[in-house]
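*Asks:* predicted coordinates and the sequence they were generated for:
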Amino acid sequence: MIEGNIIKISGPVVVAENMKGAKMYEVVRVGEHNLIGEIIELIHDRATMQVYEETAGLHVGEKVVSMGSPLSVKLGPGLIRNIYDGIQRPLEDLKAAQGNFIEKGFSADELPLKTWKFTPTVSAGTTISGGMVIGEVPESELVIHKILVPPNVEGKLVDIVPKGEYHIEDDVATVLTTDGEKKLKMYHSWPVRVPRPYVNKFPPAMPLVTGQRVLDTFFPIAKGGTAGIPGGFGTGKTVTQHQLAKWADAEIVVYVGCGERGNEMTQVLNEFPKLKDPRTGKPITERTVLIANTSNMPVAAREASIYTGVTIAEYFRDMGYDVALMADSTSRWAEALREISGRLEEMPGEAGFPAYLSSKLSGFYERSGRVESLCGDSGSISIIGAVSPPGGDFSEPVTQNTLRVVKVFWALDKSLKDQRHFPSINWLTSYSLYLDDVNPWWSKNVSSEWKETRDRAMELLQKENELKEIVQLIGPDALPERERVILLASQIIREDFLQQNAFHEVDSFCSEKKQVAMLKIMMDFYDMAVKLADEGITMLEIREVSGVSKIARLKYIKEEDVDSYIVGIYAELKQGYEKLLENYKGR
Amino acid sequence: MADVQREYSSVREISGPIIIVEGVEGVSYSEVVEITTPDNTKKHGQVLEVDGDVAIIQVFEGTSGTSTSGTRVRFTGRTLHLPVSEDMLGRVFNGMGEPIDDCPEIIPEEERDINGLPINPSAREYPRDFIQTGISAIDGMNTLVRGQKLPIFSGSGMPHNEIAAQITRQAKVLTGEEFGIVFAAMGITYEEANFFKENFKKTGALEKVVMFLNLADDPAIERIITPRVALTAAEYLAFEKGMHLLVILTDMTNYCEALREISAAREEVPGRRGYPGYMYTDLASIYERAGRIEGVKGSITQMPILTMPDDDMNHPIPDLSGYITEGQIIVSRDLQRKGIYPPIDVSPSLSRLMKDGIGKGRTREDHDGLQNQLFGAYAKGKEMRDLVAVVGEDALSELDKRYLTFSEEFEKKFIRQKKDENRSIEETFELGWKLLAMLPEEELKRVDQKYIDKYYPRTKSE
């Protein structure tokens, strides 16, 4: 332990002297309130620290003590269903200890002090290495928590406790390492800024199915992939992130509310326990870890929050789970970097952000991926980061640096929002580089027509965009019928497929099968309409064919009734189609 | 620190609103200082940074009259606190929280740090109680709920003050509980402040209003403190005394200007348009003080007003505010030119908490569908307006023409109302359905059929 004294305080940045021997990124306790901080710069015997709590009232001369270890999280049973601040302090415990407002200088046990049912999966005498599973704990209704050997421990298992209830602080195993005997508990610590090791990274192959039509069908993200959602305020970043947290087919969801509204976290806390995972029927909280460092909480802890989140995600990945991490919003994290950097009087880069913004951002997104973990299982982390560009202008540094690393771009569009088109994801500017990677999965598990239907629909929407320019000049009536049919069909796709009501009981989640069926019938209608138009029948007549208006209701039809409903529409369309043709020929 | 010398006259540098004192000991960050100028005027300041024996201090009343010799700076050892009491109701204070209404000093029940503390996210209660403002454009289309922070984005010369005043007069929850009002003025004119004062008087509820006034000719730096002082009083009254409060903060643009002034004086790296890079965090520390707390009776509903420079919504002040607040009410110059009061443009306006505050048992079962349909039809009508400008009205189909008339009527009948017209939510709904009757029933795709059957006036008003 090294003890120094404060010589400078500027917001969350504190400088202390007499700190020779302290290490970079070491945790410090600052002042008489024991505020938690982290060393971010060392010059001679002076250490500069960012402090994770409010520094008002701190004075020059107060003590600073280095704790000898880097900022770490405790990884073990008890993470699921918990809500933490940016440095893994459980907010519920904070509330119990301090009341409704967060006061400074409080530390709490990161993992609940309780007992768990532990079942060993290896026996004494086994040679073990870092990342190996030595036992299991049923943590929640959905998660079997695998007890991992800390990545930096290897040796021979001397002793392991039999099946039974153990307290989180109990030793459950003894390992003989080259440095002597080492006791293992059900948890271990890991520094947040160091990626956890793995054996191998795989290319993406499976989609992270989200139940959101515009995402799954048009711009899919793969398990282990990365996506960025930039959008001005009110365009629906948070609603989209919440939808993903609710419906994505991940086994674990880590949701990081980073510098955003307090009420949004409250909403998650209220709503998630009531929602059932469509695949398992269990409450989705049973697989969720929440990290909330809202905009009015200390800014340095906001910087740490996404690392805390991604380290927890890596830990579950190492057990062989598919993890989805939502970070809302990475811009607020970048602003925290900027604020700290400004206080350090570093040379600013673009828009005042530090020059290392880009490397920090890519370092974060690189912690995603589908890997072979140290225990030989395969697990993945998909990272979905919201970006809040000032003025909705995507040319700003955070958006641009994000786009350089992520493979999926979901562009939220203000003009779509103004038209109340939700989710306001612009289909012309968004992209996904995983289309070909996930196509085999769709062909095998859902429908071989997925890619083709999707591509044709996309083409239609492109075409609509071109036609719209013409319509604006000369009005829709001047277009040939065939092109008016394109406008009609693309309108149906936009309104009845791309738009999805997050707050509608049925429409909130749409299965893969239903997605394909919906888009398929829309494209089939289009093909039929083109044929009719070629026969000389007008778009207005085609629009009146019975069955067409039923396509619009499709999104509200329950999964189990979809098949019969669709059969019904096809029959009506066919009948209407033949009747039109007959009438026309009779004219 | 009683043994440490607490008063210094070693002022090294004065620059803009900042003075730098050297040779100090044991100074704490954010502590309050009292400054006595050579001619014995007292000023207040706050420590912005301590570096060894040098303290950087922002002076709220401005640095005029201070000097590098003969100016004394006393460090008080504590951060800014506001004495609070229930007796603050009905009183008028300056921007620092000192009474200016010739009534006696407040006998404090408690002293509170004006920076407050962040509400623990897991202690918050999600806001859901519908507030009826009596203004259709808000109640019907962008509903306000208790505990929300909903700003008015306006521009110079527009009637944002009238709208805010009308809301404070008319706001009520349907259970009948009344609102207390905390009013914080930052850099507005005497006339504007007086307008609000008269308005509060008119409601006859002056004893339920606390006013904090930093007027246009008051020190600019003091504005940094004013909203915090006001919110400290509000938090005390809401969360200790169980009152429901409506907090009006006007004008946030002046607040941000003061923030920029300090930042520039400190030679910080400027962010967009010279505003400091931490402005988001700073604004959040004000706006996030709205809300409700589980198990606590009171609530704070915030209605900040900001004038957008050049009506530009992408300007950093409205932009950063919009990222923090739960929606925005947008006042439109186009509508004002058309002579429509309140000129609220419903399309870009938004209330994020609306969906949980409306519907059966809160407003009415058809509210969501109705507002959705009105939005859709109004948007379509406006689209037709643009089209008419290009191809002429004759090119429109019969249906298109109906949409066109709908949008005109919507503005004239639904949005427009008198400054003293207090519409109940039922009246707003009735009006909405009456307007929808201008459109054929088949066009109402966004409302559930059962509500159309129930509420759509079948005898058409054509």
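*Replies:* On my side now, so go ahead.
*Asks:* drop to CA atoms for contacts and neighbour counts, all remaining ones
*Replies:* OK.
*Asks:* how far away is the one residue in chain B that gets nearest to chain A from residue B:46?
*Replies:* Scanning chain B for proximity to chain A using C-alpha to the nearest C-alpha identifies residue B:28 as nearest, at 3.5 Å. Remark: distance between residue B:28 and residue B:46 (C-alpha to C-alpha, to the nearest Å) = 10 Å.
*Asks:* between those two, who's got more neighbours?
*Replies:* Between residue B:28 and residue B:46, counted using other C-alpha atoms under 10 Å in any protein chain shown, the more crowded position is residue B:28 (27 against 23).
*Asks:* once you drop chain neighbours, what's closest to that one?
*Replies:* residue A:59 (3.5 Å; C-alpha to C-alpha, 6 or more residues apart in numbering or on different chains).
*Asks:* OK, contacts around that neighbour?
*Replies:* Residue A:59 sits next to A:6, A:9, A:31, B:26-29 when contact means C-alpha atoms under 8 Å, 6 or more residues apart in numbering or on different chains.
*Asks:* if we go to 7 Å?
*Replies:* B:26-29 (C-alpha atoms under 7 Å, 6 or more residues apart in numbering or on different chains).
*Asks:* which SS state does residue B:47 fall under?
*Replies:* strand (DSSP: H, G, I helix; E, B strand; the rest coil).
*Asks:* all helices of the stretch 251-400 of chain A, in order?
*Replies:* For the stretch 251-400 of chain A, applying DSSP state H, counting those that start in this stretch gives helices covering A:262-271, A:299-318, A:330-343, A:357-365, A:397-405.
*Asks:* reformat those helices as JSON lines; add distance to residue A:191.
*Replies:* As requested, the helices of the stretch 251-400 of chain A are exported to JSON lines (distance: least, C-alpha to C-alpha, whole Å):
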{"stretch": "helix A:262-271", "distance to residue A:191": "26"}
{"stretch": "helix A:299-318", "distance to residue A:191": "8"}
{"stretch": "helix A:330-343", "distance to residue A:191": "19"}
{"stretch": "helix A:357-365", "distance to residue A:191": "14"}
{"stretch": "helix A:397-405", "distance to residue A:191": "24"}
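*Asks:* off-centre distance for the host helix or strand of residue A:416?
*Replies:* Using DSSP states H and E, residue A:416 sits within helix A:414-418. With C-alpha atoms, centre = their mean, to the nearest Å as the basis, helix A:414-418 stands 23 Å off its chain's centre.
*Asks:* strand partners (parallel or antiparallel) of the following helix or strand past it?
*Replies:* Using DSSP H and E, the next helix or strand after helix A:414-418 towards the C-terminus is strand A:431-432. Paired neighbours of strand A:431-432 in the sheet (DSSP bridges): strand A:408-409 (antiparallel).
*Asks:* for the record, mean pLDDT for the partner strand?
*Replies:* For strand A:408-409, the mean pLDDT works out to 97.
*Asks:* thinking again about what came up before, for the helix holding residue A:416, which residues meet the burial criterion?
*Replies:* Buried residues in helix A:414-418, defined by neighbour count with 16 or more other C-alpha atoms under 10 Å in any protein chain shown: A:414, A:417-418.
*Asks:* re earlier: can you say which of the helices of the stretch 251-400 of chain A is packed in most?
*Replies:* helix A:299-318 (a mean of 27; mean count of other C-alpha atoms under 10 Å in any protein chain shown).
*Asks:* pLDDT of that helix, averaged?
*Replies:* The average pLDDT for helix A:299-318 rounds to 96.
*Asks:* re earlier: read off the pLDDT value for the residue of chain B closest to chain A.
*Replies:* 92.
*Asks:* check contacts around it.
*Replies:* Residues near residue B:28 by C-alpha under 7 Å, 6+ apart: A:57-60, B:77.
*Asks:* could you identify the most distant pair in these?
*Replies:* Farthest apart among these by C-alpha to C-alpha are A:60 and B:77. That separation is 11.9 Å.
*Asks:* from residue A:577, how far out is residue A:569?
*Replies:* To residue A:577, residue A:569 is 12 Å away according to C-alpha to C-alpha.
*Asks:* brain fart, residue A:361
*Replies:* From residue A:361 over to residue A:577 (counting by C-alpha to C-alpha), the distance is 55 Å.
*Asks:* same check, this time on residue A:171
*Replies:* 74 Å.
*Asks:* same thing with residue A:57?
*Replies:* 78 Å.
*Asks:* does residue B:245 touch residue B:301 like I think?
*Replies:* Yes. Using C-alpha atoms under 7 Å, residue B:245 is in contact with residue B:301, at 6.0 Å.
*Asks:* comparing those two, which residue is more hemmed in?
*Replies:* Just comparing residue B:245 and residue B:301: by other C-alpha under 10 Å the higher neighbour count belongs to residue B:301, 28 against 25.
*Asks:* list the contacts for the spatially closest residue to the more buried one that is not a sequence neighbour?
*Replies:* Once flanking residues are discounted, residue B:301 sits nearest to residue B:147: 4.3 Å by C-alpha to C-alpha, 6+ apart. Residue B:147 sits next to B:127, B:290-292, B:299-301 when contact means C-alpha under 7 Å, 6+ apart.
*Asks:* can you put these in a markdown table and add pLDDT and secondary structure?
*Replies:* Compiled in a markdown table, those are given as follows (pLDDT from 0 to 100; DSSP: H, G, I helix; E, B strand; the rest coil):
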| residue | pLDDT | secondary structure |
| --- | --- | --- |
| B:127 | 94 | coil |
| B:290 | 96 | coil |
| B:291 | 95 | strand |
| B:292 | 95 | strand |
| B:299 | 95 | strand |
| B:300 | 97 | strand |
| B:301 | 97 | strand |
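*Asks:* near chain A, which residues of the stretch 51-200 of chain B?
*Replies:* B:51-52, B:78-79, B:117-126 (C-alpha under 7 Å from any C-alpha of the partner chain).
*Asks:* most surrounded residue in those?
*Replies:* With neighbours taken as other C-alpha under 10 Å, the top of those is residue B:121, carrying 29 neighbours.
*Asks:* give the contact list for that residue.
*Replies:* A:262, A:265-266 are the contacts of residue B:121 under C-alpha under 7 Å, 6+ apart.
*Asks:* mind running it again at 10 Å?
*Replies:* Listed by C-alpha atoms under 10 Å, 6 or more residues apart in numbering or on different chains, the contact set of residue B:121 reads A:83-85, A:91-92, A:95, A:100-102, A:261-267, A:269, A:292-294, A:297, B:293.
*Asks:* what's residue B:156 in contact with, if anything?
*Replies:* Here residue B:156 is in contact with B:306-311, B:333 (C-alpha under 10 Å, 6+ apart).
*Asks:* can I get those in TSV with secondary structure and pLDDT?
*Replies:* Formatted as TSV, those follow (DSSP: H, G, I helix; E, B strand; the rest coil; pLDDT from 0 to 100):
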residue	secondary structure	pLDDT
B:306	strand	95
B:307	strand	95
B:308	coil	95
B:309	helix	92
B:310	helix	92
B:311	helix	93
B:333	helix	95
